[in-house]
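Q: Would you be able to build a 3D model of this:
(chains A and B)
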There are 2 protein chains.
Amino acid sequence: MKKKRAERQHELLEILKADPFYTDEELANRFEVSIQTIRLDRMSLNIPELRERVKLIAESQETKVKTLGVKEITGEIIDLSVGEIGISMLEITEDMIYSKTGTLKDHYIFSLAESLAMAIIDAPKVIMRVANIKCLKLIEKEDRLIAKAEIYREVDRKHYIKVVINNRDQEQIFRGKFIFEEID
Amino acid sequence: MKKKRAERQHELLEILKADPFYTDEELANRFEVSIQTIRLDRMSLNIPELRERVKLIAESQETKVKTLGVKEITGEIIDLSVGEIGISMLEITEDMIYSKTGTLKDHYIFSLAESLAMAIIDAPKVIMRVANIKCLKLIEKEDRLIAKAEIYREVDRKHYIKVVINNRDQEQIFRGKFIFEEID
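A: Below is the predicted model of the structure:
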């Protein structure tokens, strides 16, 4: 049974507070209403659309990054504790797809993982020394990737970082370990 | 002692036949003449400038590639035996440099190595499964990278490829191993 407007809007707020990355389409399916209805709900609640929400969050997080310029980050950083962990998101677009296989160009997934790993390091200057990466599933267009990076070791000016990337369906599609070294 | 014009032009031809990747500046230093003199020599011998030479070679090689579209290759392919080995070149430009460290953005070196590895595979469709890479030296601007890729194992529709990258001074700056898998 469909919910009443006030009830739906209340739930909508709760849902987006817990996870701001739902599209209007996903919300429409969830509430069994039209996308137009979700848009009107968002407008009356003063909630910007997904792209705008991500941008606002990213802007607040990216100022924390020490090792990279903001434009050097692939994807949008949506959570960052410098020296500990970080989360970023990449929306796949047509131009990121290999013409022959229809899958994501590998340097996008590499640079999503690598730039997030670099972004969480608490040092002024680092360079990448080692990367060991595994791609577990095909990544095709119309997907949204969520990368999580975590520092698991820091010794002798070296920072060891694990990165996993999941697709929209929460499947793990990538796993990587990186070693960065501080330079003067 | 400086060489006479005819002798210099004869040697110039021999040098560029053996290695077409000398810049006019490097040739001028070698012959102890001005860059302008080298340009005039090239014009009278009908040899195009470095960038043009590389482009001509790349165009003749890139048509051999099966797994990638030509524009999906990072760098210029200058030699290719599909199913065996390949060589490509990347001229580093200002926009490829990280703002904070002054070194090459890692996704360029990754994609130079990865796209060459992919390009040498003799199959219609492959995806990258594994990459293990090491960066041995800092790469700064004003350098020219030469990548060499070689298939060292092929089993169960999997292609194992080694890639090394040297800088202009012939120092090894990168080493990587990749595994690609054929898909339908």
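
Q: Chain B contacts on chain A?
A: Along chain A, the residues adjacent to chain B under the rule Cβ under 8 Å from any Cβ of the partner chain are A:67-69, A:72, A:74, A:98-101, A:103, A:105-107, A:110-111, A:114-115, A:124-135, A:138, A:183. Quick note: C-beta positions are derived from backbone N, CA and C, even for glycine.

Q: out of the residues you listed, which are buried?
A: Neighbour-count burial (16 or more other Cβ atoms under 10 Å in any protein chain shown) applied to these gives A:67-68, A:72, A:74, A:98, A:100-101, A:103, A:105-107, A:110-111, A:114-115, A:125-128, A:131, A:133-135.

Q: Please state the offset of the helix or strand where residue A:39 lies from the chain centre?
A: Using DSSP states H and E, the element containing residue A:39 is helix A:35-45. For helix A:35-45, the separation from the chain centroid amounts to 24 Å (computed by Cα atoms, centre = their mean, to the nearest Å).

Q: contacts for it?
A: With contact meaning Cβ atoms under 8 Å, 6 or more residues apart in numbering or on different chains, helix A:35-45 is reached by A:5, A:8, A:9, A:12, A:13, A:24, A:25, A:27, A:28, A:31, A:48, A:49.

Q: need the strands for chain A, in chain order.
A: Assigned by DSSP state E, chain A shows strands spanning A:76-81, A:85-91, A:126-135, A:144-155, A:158-166, A:172-182.

Q: Let's have those in TSV, adding mean pLDDT and distance to residue B:81.
A: Output for the strands of chain A, formatted as TSV (pLDDT from 0 to 100; distance: least, Cβ to Cβ, whole Å):
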stretch	mean pLDDT	distance to residue B:81
strand A:76-81	90	42
strand A:85-91	94	35
strand A:126-135	97	26
strand A:144-155	95	35
strand A:158-166	97	34
strand A:172-182	97	31
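
Q: Redo these as CSV? Include distance to residue B:79.
A: CSV is the format used below for the strands of chain A (distance: least, Cβ to Cβ, whole Å):
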stretch, distance to residue B:79
strand A:76-81, 40
strand A:85-91, 34
strand A:126-135, 26
strand A:144-155, 35
strand A:158-166, 34
strand A:172-182, 31
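
Q: so which of these comes closest to residue B:164?
A: Across these, the minimum distance to residue B:164, taken as Cβ to Cβ, is reached by strand A:126-135, at 15.4 Å.

Q: What helices and strands are in contact with the closest one?
A: Of the remaining helices and strands, those touching strand A:126-135 by 3 or more Cβ pairs under 8 Å, 6 or more residues apart in numbering or on different chains; DSSP states H and E are helix A:106-119, strand A:172-182, helix B:106-119, strand B:126-135.

Q: nearest to residue A:148, of these?
A: Minimum separation from residue A:148 across the helices and strands packed on strand A:126-135 (Cβ to Cβ) falls at helix A:106-119, 8.1 Å.

Q: Report the inter-axis angle for that closest one versus strand A:172-182.
A: Orientation note: helix A:106-119 sits at an angle of 50 degrees relative to strand A:172-182 (axes from the mean of the first three to the mean of the last three Cα atoms, to 10 degrees).

Q: and helix A:106-119, what other elements does it pack with?
A: Packing partners of helix A:106-119 (3+ Cβ pairs under 8 Å, 6+ apart): strand A:76-81, strand A:85-91, strand A:126-135, strand A:144-155, strand A:158-166, strand A:172-182, helix B:106-119, strand B:126-135.
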